[in-house]
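J.: Give the three-dimensional model of this entry:
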Amino acid sequence: MTAVPPVGSYVVDTGSGRLGQVMGRKGPYLQLRPFGGGREWDCLPEAARAATTTERLRAATAYANARSRGEVP
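T.: Residues are numbered from 1 along each chain as shown. Sure thing, here's the model as predicted:
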């Protein structure tokens, strides 16, 4: 059985390659939200792996850059 990541942790959905923050569970799925907010998506726990520090920094930098260009509110 796969260990369920705690709420608030960052994981990579290996099915889509997206990084998301664990917001909770709904049935058998993890609820993930993109870095900086946005629409949540479902991910099976066995398809999630812990995000590396590099992946988290890359997501934070991409979000900051998009925000400075006015692409996100």
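J.: Is residue 25 in contact with residue 4, as I believe?
T.: Yes. Between residue 25 and residue 4 there is a contact under C-beta atoms under 8 Å: 7.2 Å. (Each C-beta comes from the backbone N, C-alpha and C, glycine too.)
J.: Centroid-nearest residue for this structure?
T.: Nearest to the mean C-alpha position of the chain, counting by C-alpha atoms, centre = their mean, stands residue 20 at 0.3 Å.
J.: Quick check: phi and psi on that residue?
T.: phi -150, psi 160 (degrees, to the nearest 10).
J.: got it, and residue 57?
T.: Per-residue torsions, residue 57: phi -70, psi -40 (degrees, to the nearest 10).
J.: got the contact list for it?
T.: Residues near residue 57 by C-beta atoms under 8 Å, 6 or more residues apart in numbering: none.
J.: so where do the helices sit in this protein?
T.: Shown for the chain, the helices assigned by DSSP state H span residues 53-68.
J.: give me the low-pLDDT residue ranges for the chain?
T.: Scanning the chain for pLDDT under 70 picks out 1-2.
J.: And the strands in the protein?
T.: For the chain, applying DSSP state E gives strands covering 10-13, 18-26, 29-34, 41-43, 48-50.
J.: looking at those, which is closest to residue 72?
T.: Closest approach to residue 72 among the strands of the chain (C-beta to C-beta): strand 29-34, 10.1 Å.
J.: sorry, back to before: a markdown table for the strands of the chain, including distance to residue 60?
T.: Compiled in a markdown table, these are given as follows (distance: least, C-beta to C-beta, whole Å):
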| stretch | distance to residue 60 |
| --- | --- |
| strand 10-13 | 10 |
| strand 18-26 | 10 |
| strand 29-34 | 12 |
| strand 41-43 | 19 |
| strand 48-50 | 16 |
